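In: below: sequence and its predicted model.
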Amino acid sequence: MDFRLKPGVSRRQLLIMGGGLMGAAGLAACSGDDTESDTFGGAGGTDLMESPMLTEQVEAGELPELAERLPADPMVIEPWQEPGRFGGTLNRATTGDDSMVTHWAFSHAGLLEWNWEGDGPMLSLAAEYEPDETNTRFSFTLRDGLKWSDGEPFTTEDIEFVWEAVFANETLSPVPPAWLTNADGSLADLDIEDDLRFSIVFAEPSALFERYMCFPRDGKELIKPKHYLTQFHPEYASEAEVEDLVAEAGFESWDQLWADRSVAWYNAEVPVMGAYLGTGRLDAQGVATMERNPYYWKTDPDGRQMPYIDTVQLQSLEQETLDLRAANGDLEFQGYQLGYNSAQVFLQNAEESGYQVQRWGLEDGAVSLFLNLSHPDENLREIFLERDFRIALSIAIDREDLNDTLLGGLGESRQPLPTEGSDYYIEGAGQQHLQHDVEEANSLLDGLGLERGSDGVRTLSDGTPLSLVVISMPNSAGIPMSDVLSRVVRYWEDIGIDLTHQQMDNTLYTETFTSNDYDIDASYHFKTTNWDLEPVWYVPLSTQSHSMPAYGMWYTSGGSEGIEPPDEFKEMLGHWEDLISAPTDEERIAAGHSIVQQHEDNLYVIGVIEPTFQPVIVSEEIRNIRDDEPLLSNFFAREAITKPEQAFFADGE
């Protein structure tokens, strides 16, 4: 069954038509050969219905038979290339001491998940899903017979528990999650029909709800095991029992205990619905191991239980070491946190080390400059709000020089706006004010009355030198920010702007921009394809806005705090409210286009340079990793877009 969108068939109709069977037919034929698609035979071969490690547990009486572990209607995944073999350990690495990205990629579970194209939902834990015609009621039916990784049933009782114990609890959720709130900030209603059927009901249209459900960061938050977690919650266990657990664990309050015990990455004992069990953090050697979930509810078309690979091992490494191990072929499948600057080394070592280097799309690699349009200094804010000032800064940048010196001519330049594939893409957008024209830049600044002082630095109307500081976080995997900004310093010197770069650690950086205490922010993370799921990059909705945090504070406080934004940004906020409350996709997209057009017309954010791809290493021994260059995006849980539960080792090891 082909679930790709077709002319004349809406996404909504496809979901209703889909029932319990999911597949990637039509896409699976895009890659790979069929030379090994017959039965491999032997241990782990395609004639087996489950992993031999699980069969051993069944024979030892430690697990029920496979038929008892699977739901009545398992989710069926058509393998990208071919049916897989069971077994093996997949090696991956991270540069973070406590990175949960691999866990998200390999073990998240939600009612819905992104389809193969990443442009809409497919059924997942839900066997049926039906939104109403006004985006207010979203009805789900769970697969019958789903079980947590410890064998306990997963039912609407778990959904109701999360709703009441977490989302409606003032300690754990002082403010309900934005994606589950009504316009007045109240929590939406949960309507439980029976053990399998329920609805989430909003007071008005919630246009992005479906997309949030696909986004692993949010969708997974609905999936928590009541039977295990009640022991840590004072509304379900006695206060004394919870206090004893808090003290025993060394925490100060029960909500700290909850935050630790309810997340599989931190707590290996919490039951999960994902393909792999939680790791319980990295050990003293910086290694974590994720093992297969014996009750996982996805199969291939032959009824063979996924995942095919038994174990995923993650090691924390310095960036240089991570790239070296990748180049040596020690990491069988890795894209996230691979160093872009090591791409040539990966290519040179690929044949000898037995892997391929794929070029996946990249959403978080472009360097962008965010002038603080809500700057606390009125003189600076006034000049930052001048469109001609922003245009002058943009065209003073020599992007061709940056591309040649830092990316070997392989990069590209565009203003940071939605790209093709986004609902909000506007043809031709993002191509303005990229040319290098120092003469025109100086002319624009002259026209704004920014005269040069004796030292060549321009001054504001009060005589203050136009000396600015650009802040950034350290980065090891992408283009070195210090290399980019050292050149921008030189480019802007030619137009009389005195620029200094200040690199900060993550904590100080976040505190600085959210407190509105900066001039310019340099970041890699401006969103393009699915920006509506993280809209603060475009719209000042909170202090997390990288270009206007004080306007965001004004918005969230109802005007009692922050700085009141000019009318153009109030108009933008109005478009956003139209977007999130749109009763139809057409109205949602139209509102989004209005926001994008404002950015296109006004250059609120300046694009500098970006790589054209993210290197992804795939061992020659690994099968069923898609090779059509999908987007490596946080919104897809990065490598999860290839559905790694159906990846396998050709030899089963």
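Out: Now that the structure is in, tell me what you want to look at. Just so it is clear, the structure is predicted and the values come from calculations on it, not from any experiment.

In: tally of neighbours for the residue nearest to residue 386 when sequence neighbours are not counted?
Out: On the basis of CB to CB, 6 or more residues apart in numbering, the spatially nearest residue to residue 386 that is not a chain neighbour turns out to be residue 448, at 5.8 Å. From N, CA and C alone the C-beta is placed, and that goes for glycine too. Using other CB atoms under 10 Å, the number of residues around residue 448 comes to 16.

In: wait, residue 448 sits on residue 389?
Out: Yes - proximity of residue 448 to residue 389 meets the contact threshold set by CB atoms under 8 Å, at 6.0 Å.

In: shared neighbours, these two?
Out: When contacts are counted by CB atoms under 8 Å, 6 or more residues apart in numbering, residue 448 and residue 389 have residue 383 as shared neighbours.

In: what sits opposite residue 648 in the beta ladder?
Out: Beta-bridge pairing of residue 648, defined through DSSP bridges, involves residue 623.

In: residue 632 versus that one, what's the distance?
Out: Per CB to CB, to the nearest Å, residue 648 is found 21 Å from residue 632.

In: compare these two (neighbour count), which wins?
Out: The neighbour comparison of residue 648 against residue 632 (other CB under 10 Å) goes to residue 648, with 30 against 24.

In: let me see the contact set for the more buried one.
Out: Shown in contact with residue 648 (CB under 8 Å, 6+ apart): 84-86, 88, 308-309, 622-624.

In: quick one: which of those residues is most hemmed in?
Out: Across these, the neighbour count under other CB under 10 Å reaches its highest value at residue 309, namely 30 neighbours.

In: does that one belong to a helix, a strand or coil?
Out: Assigned with DSSP: H, G, I helix; E, B strand; the rest coil, residue 309 falls in the coil class.

In: in this structure it contacts residue 88, no?
Out: Yes - here residue 309 lies in contact with residue 88, judged by CB under 8 Å, at a distance of 5.2 Å.

In: show me the common contact partners of those two, please.
Out: In contact with both residue 309 and residue 88: 648-649, using CB under 8 Å, 6+ apart.

In: the nearest residue to residue 220 once chain neighbours are set aside and residue 150, how far apart?
Out: Leaving aside its sequence neighbours, residue 220 sits nearest to residue 108 (CB to CB, 6+ apart; 4.8 Å). Summarising the geometry, the distance separating residue 108 from residue 150, computed by CB to CB, is 18 Å.

In: neighbour count winner among these two?
Out: When neighbours are counted by other CB under 10 Å, residue 108 and residue 150 differ, and residue 108 comes out ahead with 23 against 16.

In: separation between that one and residue 402?
Out: Look at residue 108 and residue 402: by CB to CB, they are 36 Å apart.

In: repeat for residue 487
Out: To residue 402, residue 487 is 6 Å away according to CB to CB.

In: swap in residue 416?
Out: In this structure, residue 416 and residue 402 are separated by 15 Å, where distance is defined by CB to CB.

In: more neighbours, the two?
Out: For residue 416 versus residue 402, neighbours defined as other CB under 10 Å are more numerous around residue 416 (27 against 22).

In: excluding its backbone neighbours, what's nearest that one?
Out: Nearest residue to residue 416, sequence neighbours excluded (CB to CB, 6+ apart): residue 526, at 4.1 Å.

In: what do you get for residue 383?
Out: Spatially, and ignoring its direct neighbours in sequence, residue 383 is nearest to residue 389 (5.4 Å; CB to CB, 6+ apart).

In: surely that neighbour and residue 444 touch.
Out: Yes - A contact is recorded between residue 389 and residue 444 when judged using CB under 8 Å, the distance being 7.3 Å.

In: returning to what we had before: and the residue nearest to residue 416, what does it touch?
Out: Counting by CB under 8 Å, 6+ apart, the residues that residue 526 touches are 366, 368, 416, 537, 546, 605, 607.

In: now residue 650
Out: Residues counted as contacts of residue 650 (CB under 8 Å, 6+ apart) are 36, 85, 621-623.

In: and it, what's its pLDDT?
Out: In this model, residue 650 is scored at 93, pLDDT.

In: same check, this time on residue 15
Out: Taken from the predicted model, the pLDDT recorded for residue 15 is 34.

In: the one 4 residues further on too?
Out: Among the per-residue scores, residue 19 holds a pLDDT of 34.

In: next one: residue 387
Out: According to the prediction, residue 387 has pLDDT 98.

In: check residue 9 too.
Out: According to the model's per-residue confidence, residue 9 sits at a pLDDT of 31.

In: check residue 264 too.
Out: Looking at residue 264, its pLDDT stands at 89.

In: show me where the stretch 51-200 of the chain has its helices.
Out: Counting by DSSP state H, counting those that start in this stretch, residue ranges of the helices within the stretch 51-200 of the chain are 52-59, 66-69, 101-107, 156-162.

In: residue 585 and residue 131, how far apart?
Out: Counting by CB to CB, the gap between residue 585 and residue 131 amounts to 10 Å.

In: what does residue 600 give?
Out: On the measure of CB to CB, residue 600 and residue 131 end up 31 Å apart.

In: need the helices of the stretch 51-200 of the chain in CSV with mean pLDDT, distance to residue 455 and mean neighbour count, can you?
Out: Compiled in CSV, the helices of the stretch 51-200 of the chain are given as follows (pLDDT from 0 to 100; distance: least, CB to CB, whole Å; neighbours: other CB atoms under 10 Å):
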stretch, mean pLDDT, distance to residue 455, mean neighbour count
helix 52-59, 97, 71, 15
helix 66-69, 97, 75, 15
helix 101-107, 85, 47, 24
helix 156-162, 98, 61, 18
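
In: closest one to residue 542 among these?
Out: Comparing those against residue 542 with CB to CB, the closest turns out to be helix 101-107 (23.0 Å).

In: list the contacts of the closest one.
Out: The list of residues contacting helix 101-107 from outside it, by CB under 8 Å, 6+ apart, reads 92, 94, 216-217, 220, 264-265, 272, 274-279, 290, 293, 312, 314, 336-337, 637-640, 644-645.

In: what's the weakest-modelled helix or strand in this protein?
Out: Within the chain, confidence by mean pLDDT, DSSP states H and E is lowest for helix 11-18 among all helices and strands, at a mean of 32.
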